[in-house]
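Engineer: Pasting the sequence and the predicted model now:
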Amino acid sequence: MKSNIFILTKAMFKNDETLSNITSRSTKKKSFFKSKWGILLFVLFLTVTMGLSFGFMISELYDAMAMMEMQSLILRLVVPAAGLMVFMFGIFYVMNVFYFSKDVDNYLYLPVRAGEILTSKFLVSLVYEYFIIIVFFLPILVIYGINDSAGVLYYVYTVLALLFIPVLPLAVASIISMVIMRFSNRFKNRDRFNMIAGILSLFVALGFNFGIQFLTNRMSQGNNLIISDISDLPIFRITSLVFPTSHFATEALIAHNTLMGLVYLLLLIGLSLLAVGIFYVIGNTIYFKGVIGVSESKADRKVLTKEAMKKGTTKKNILIAYSLKEFKLLLRTPIYFLNCILISLIYPLFILFPIFMGSSGDKAEIEQVLTLIRSVDEGVLIVGMVGVGFLLGSINIISSTAISREGKNFYFVKYIPVSYATQLYAKILSSFYVEAMALVILYSLMIFLFQVNIGFVLLSLIIVALASLLVNQIGMLFDIFWPKLNWDTEQKAVKQNFNSVIHMFLGFGLTALSVFLGFKLAPTFFTGFMVCFLVLSILSVIMHFVLIRTADRKFALLS
């Protein structure tokens with residue numbers, strides 16, 4: 001069993017382009033950005049950037065909490081958050097790697113157990129979860145240790161904790177996905193069920209996440225007892241029950257210089273290994289029954305009427321027709337739908353759930369926050385809306401993977417009698433369709449919660465559209481420079497595409513910059529609108545010419 005898992009894992013690492021670039025010793029000349037050192041330097045850059053971003057905030061928070069001897073609250077919040085984030089991202093990644101990846105069919109014919117295939121895929125998925133952990137949480141824990149004047153042992157415990165924290169959440173996400181996909185063979189239309197299963201898994205993750213908050217609210221509602229220890233707070237008691245490994249990791253870091261710290265660390269390692277064992281047993285039982293035939297599709301064989309044929313062949317504007325073609329492709333391909341469309345629409349739920357699921361005490365606190373937000377000047381808000389456009393355009397990875405998704409059919413882009421400019425902006429327009437759905441949710445919330453007037457809504461929509469256009473142009477430029485055309489599964493075109501990662505983090509940085517400038521400059525509404533409108537318009541025009549010229553030059557070299 002061990003040899004099979006090792007061999008399968010090694011094969012999957014080699015089959016994964018990103019991981020292969022990091023671990024391979026190949027002497028083949030590669031682009032620096034796709035080489036081992038390029039990827040490692042990029043991860044290091046993201047880690048340092050996040051560290052600098054969180055550094056000042058964590059230091060200030062630590063000093064404030066230390067005055068009340070409650071600095072351990074930082075660890076009690078950060079470590080469980082790491083487990084929850086792994087669980088949320090794990091649902092997406094497990095569905096892609098375990099089921100939607102086309103290399104699955106190759107492994108099914110091998111004389112190996114289902115559990116061995118699953119364990120190997122689990123290890124590959126775990127590496128990607130480590131990337132999230134390192135970028136987002138390692139800087140916070142290191143900064144906490146520096147402020148706490150912790151010794152070397154703390155950092156050793158931190159490394160071990162981060163190695164094992166993702167194991168249990170990822171195992172739970174995997175088991176949930178396998179149970180859902182177990183029933184896929186009972187549905188005739190596999191593509192439709194795969195899409196529904198992905199959506200269902202995501203909402204299970206969301207329900208799981210917000211269910212913790214709901215239970216916490218219920219436990220604390222009407223509780224007038226004096227809490228003598230931070231760990232007695234309902235939020236920590238619930239998260240300890242849901243993901244006990246996060247609790248053990250937290251306690252191990254807090255008590256790293258005592259014997260109990262070692263005990264908690266051993267419990268973390270032991271429970272994580274037990275979770276992998278349970279995952280192996282369950283996967284060995286149900287995985288094959290859900291994955292066999294998962295790549296099959298069903299043809300409707302619909303007979304078109306004369307009216308339907310006439311409607312389908314009606315002449316349309318080229319830009320609109322091409323963008324609708326792109327949008328339909330995103331809707332009909334499960335991996336594209338989950339990673340390009342659905343992920344752009346779930347973030348408003350993070351705002352909705354806490355508001356409508358909170359207790360009366362929470363709603364009073366939320367109302368105080370809303371009152372504070374409503375007092376912010378509209379000039380600051382209009383500049384902040386630039387950040388909303390950047391955020392929507394970067395989370396949505398449609399533009400930053402548009403060329404890569406063409407794959408081996410890229411010749412279609414070169415031979416179709418449509419200019420490159422029209423094709424590129426049709427792909428960007430398909431991205432706008434998705435962002436429009438997210439904006440409906442966000443603006444409904446703004447009107448209901450922040451009581452903004454219709455004039456602000458209309459003018460801010462212009463700003464958001466321009467900001468989104470600019471960041472989508474940048475994302476498209478990344479994918480033109482470094483397209484990932486040689487792929488055998490749609491997952492590699494979107495999920496394992498570093499262009500989308502760079503694009504996303506750039507969007508986060510631009511969003512933070514917009515919010516910072518809004519509060520720093522505090523312009524009037526008219527001044528803020530005009531400056532944002534002019535700057536974004538000029539940058540978008542410049543990016544247009546750069547985009548078209550780059551496309552003409554790069555596409556000539558691609559085949």
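Structural biologist: Happy to help now that I have it. On a predicted model such as this, the values are computed, not experimentally measured, just so you know.

Engineer: CA atoms only: put the strand or helix carrying Leu141 into PDB for me.
Structural biologist: Secondary structure from DSSP states H and E places Leu141 in helix 138-147. Provided in PDB are the C-alpha atoms of helix 138-147 (Å, rounded to 0.1, in the frame of the first residue of the first chain):
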ATOM      1  CA  LEU A 138       2.300  32.200   8.800                       C
ATOM      2  CA  PRO A 139       3.000  36.000   8.800                       C
ATOM      3  CA  ILE A 140       0.500  36.500  11.600                       C
ATOM      4  CA  LEU A 141       1.800  33.800  13.800                       C
ATOM      5  CA  VAL A 142       5.400  34.900  13.300                       C
ATOM      6  CA  ILE A 143       4.500  38.500  14.100                       C
ATOM      7  CA  TYR A 144       2.700  37.300  17.200                       C
ATOM      8  CA  GLY A 145       5.800  35.400  18.300                       C
ATOM      9  CA  ILE A 146       8.000  38.400  17.800                       C
ATOM     10  CA  ASN A 147       5.700  40.600  19.900                       C
END
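
Engineer: Which neighbouring elements make contact with that helix?
Structural biologist: Here helix 138-147 touches helix 36-66, helix 72-94, helix 152-164, going by 3 or more Cβ pairs under 8 Å, 6 or more residues apart in numbering; DSSP states H and E. Every C-beta, even on glycine, is put in place using the N, C-alpha and C of the backbone.

Engineer: Of those, which shows the lowest average pLDDT?
Structural biologist: Here the lowest mean pLDDT among those goes to helix 36-66, at a mean of 67.

Engineer: Not counting sequence-adjacent ones, nearest residue to Val452?
Structural biologist: Met446 (5.4 Å; Cβ to Cβ, 6 or more residues apart in numbering).

Engineer: Can you tell me how far that neighbour is from Val440?
Structural biologist: Remark: distance between Met446 and Val440 (Cβ to Cβ, to the nearest Å) = 11 Å.

Engineer: Name the residues of the helix holding Leu141 that come out as buried.
Structural biologist: The neighbour-count check on helix 138-147 (16 or more other Cβ atoms under 10 Å) flags 138-145, 147 as buried.

Engineer: and that helix, average pLDDT?
Structural biologist: Helix 138-147 comes out at a mean pLDDT of 85.

Engineer: That one to helix 152-164, inter-axis angle?
Structural biologist: 160 degrees (axes from the mean of the first three to the mean of the last three Cα atoms, to 10 degrees).

Engineer: What is the burial count for Ile416?
Structural biologist: Ile416 has 11 neighbouring residues, counting by other Cβ atoms under 10 Å.

Engineer: And for Cys340?
Structural biologist: 26.

Engineer: which non-adjacent residue is nearest it?
Structural biologist: Spatially, and ignoring its direct neighbours in sequence, Cys340 is nearest to Ile398 (4.9 Å; Cβ to Cβ, 6+ apart).

Engineer: mind listing what that neighbour touches?
Structural biologist: When contacts are counted by Cβ atoms under 8 Å, 6 or more residues apart in numbering, Ile398 is found next to 326, 330, 340-341, 427, 430-431, 434, 472.

Engineer: One more: Trp487?
Structural biologist: By Cβ under 8 Å, 6+ apart, the neighbours of Trp487 are 404, 407, 493.

Engineer: So it: helix, strand or coil?
Structural biologist: coil (DSSP: H, G, I helix; E, B strand; the rest coil).

Engineer: Check the gap between it and Asn4 for me.
Structural biologist: On the measure of Cβ to Cβ, Trp487 and Asn4 end up 26 Å apart.

Engineer: isn't Phe13 right up against Val124?
Structural biologist: Yes: under the criterion of Cβ atoms under 8 Å, Phe13 is in contact with Val124, at a separation of 6.6 Å.

Engineer: Tell me how far Ile143 lies from Ala81.
Structural biologist: 15 Å.
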